[in-house]
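Chemist: Structure for the following, please:
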Amino acid sequence: MNDQLVRGTAWNGSIRVFAARTTALVGELQRRHDTYPTATAALGRSATAAAMMGFMLKGDEKLTVQVKGDGPLGQIVIDANAKAEVRGYVEEPHVHLPSNEHGKLDVAGAVGRSGYLHVIKDLGLKEPYRGSVPLISGELGEDFTYYFALSEQTPSAVGLGVLVDTDNSVLHAGGFIVQVMPGIEESQLVRLENAVAAMPHVTALLDQGETPDSILRFLVGDDLVIHETIEPKFVCQCSQERVERTLISMGAEELRRLIEEDGEAEVQCHFCNEKYRFGRDQLSELLERAASK
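Modeler: Here you go, the predicted structure:
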């Protein structure tokens, strides 16, 4: 099944809902960065949340999620936009810890329980929106829930999951975000809280063949209106031309030093691990372009 991301409302607009199956997306991230299981789970949960948050945007708006904990993973960085195009990386991909007390991947131990979750949104304004909250668990679902409540003043429930096989492949990945709108009735709020508490794990539902919209029905029942469906995908904006512009921006003097000392250059994209190689002749051509500016 292809990945899928849905956006909808329920209970006469009292809540808005998002749910995603991101198995292929997280599998692509795992493949590109050779992440070990615990790192895969942390990166995948972050990417799933960012995909849904990107789907909340419009037009050319985009966002960056940064998870900076004190665990061995280091920093997690995810870019996403309104088209659900996602890219990302984890600073230390080769992290795998013993299972936690519940027999699950120890994401909190890998991320760390102290640190910050940062969200930077490019909304086409003069200055980007920046929101930051302390990490409260390191499990990431609770941390994104806290972010929405504190930084965006939107009471939310966030569920995220990644199931990794023994051969390190991604079996299932997905998540949901349910957000409470102003004016919700107290009885509806209690109903939602009970539904979230009783919710099976996202990856268990995906393993049973459930889809993003059917996952949402576990939370809100049949009073669900799906407004839009999209396929989240791994997309990186790097290219030969962009890397050339970056090298030219270093200036003629630095390029000249690079040619004299190394005679070649290799630039690797953090987000997709693509490598761009430049020989002496190519660097000399870039030097000419830089000198003519």
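
Chemist: Paired strands for the helix or strand where His227 lies, with orientation please.
Modeler: Following DSSP states H and E, one finds His227 within strand 224-230. If you go by DSSP bridges, strand 224-230 pairs up with strand 4-10 (antiparallel).

Chemist: roughly how far apart are the residue lying closest to Phe148 once chain neighbours are set aside and Pro212?
Modeler: The shortest distance from Phe148 to any non-neighbouring residue, by CB to CB, 6 or more residues apart in numbering, is to Ser156 (3.9 Å). For the C-beta atoms, the positions are set from N, CA and C on the backbone; glycine is no exception. When distance is defined by CB to CB, to the nearest Å, Ser156 is 17 Å away from Pro212.

Chemist: So which of the two has more stuff around it?
Modeler: More neighbours surround Pro212 than the other of Ser156 and Pro212, with 27 against 18 (other CB atoms under 10 Å).

Chemist: right, and the more buried one touches Gln4 too?
Modeler: Yes - proximity of Pro212 to Gln4 meets the contact threshold set by CB atoms under 8 Å, at 5.2 Å.

Chemist: between the two, what contacts are shared?
Modeler: Counting by CB atoms under 8 Å, 6 or more residues apart in numbering, the contacts common to Pro212 and Gln4 are 20-21.

Chemist: The closest residue to Leu105 other than its chain neighbours is in what secondary structure piece?
Modeler: Excluding the flanking residues, the one nearest Leu105 by CB to CB, 6+ apart is Ala41, at 4.5 Å. Ala41 belongs to helix 37-54 when assigned by DSSP H and E.

Chemist: That helix - what's its average pLDDT?
Modeler: When pLDDT is averaged along helix 37-54, the result is 98.

Chemist: Identify the residues contacting Leu97.
Modeler: 38, 72, 105-106, 109-110.

Chemist: top of those residues by neighbour count?
Modeler: Thr38 (28 neighbours).

Chemist: Asn12: neighbour count?
Modeler: 13.

Chemist: How much space separates the nearest residue to it once chain neighbours are set aside from Pro232?
Modeler: Spatial nearest neighbour of Asn12, chain neighbours left out: Asp223 (7.7 Å); criterion: CB to CB, 6+ apart. Note on Asp223: its distance to Pro232, by CB to CB, is 25 Å.

Chemist: Compare those two (neighbour count), which wins?
Modeler: Of the pair Asp223 and Pro232, Pro232 is the one with more neighbours under other CB under 10 Å, namely 27 against 12.

Chemist: ok now stretch 71-90, how far from the chain's centre?
Modeler: Distance of stretch 71-90 from its chain centroid, counting by CA atoms, centre = their mean, to the nearest Å, is 4 Å.

Chemist: before we move on, what about stretch 243-255?
Modeler: 30 Å.

Chemist: residues of that stretch that come out buried?
Modeler: Residues of stretch 243-255 classed as buried by neighbour count (16 or more other CB atoms under 10 Å): 243-244, 247-248, 252, 255.

Chemist: which one of these is nearest Ile184?
Modeler: Closest approach to Ile184 among these (CB to CB): Val243, at 49.0 Å.

Chemist: what's the helix or strand that contains the closest one packed up against?
Modeler: Element membership for Val243, per DSSP H and E: helix 240-249. With contacts taken as 3 or more CB pairs under 8 Å, 6 or more residues apart in numbering; DSSP states H and E, helix 240-249 sits against strand 265-268, strand 275-278, helix 280-291.

Chemist: And the ones you listed: which comes nearest Phe55?
Modeler: strand 265-268 (29.1 Å).

Chemist: so where's this structure uncertain?
Modeler: By pLDDT under 70, the chain has no low-scoring segment.

Chemist: Would you map the helices across it?
Modeler: 23-33, 37-54, 107-111, 141-151, 186-198, 202-207, 212-220, 240-249, 252-261, 280-291 (DSSP state H).
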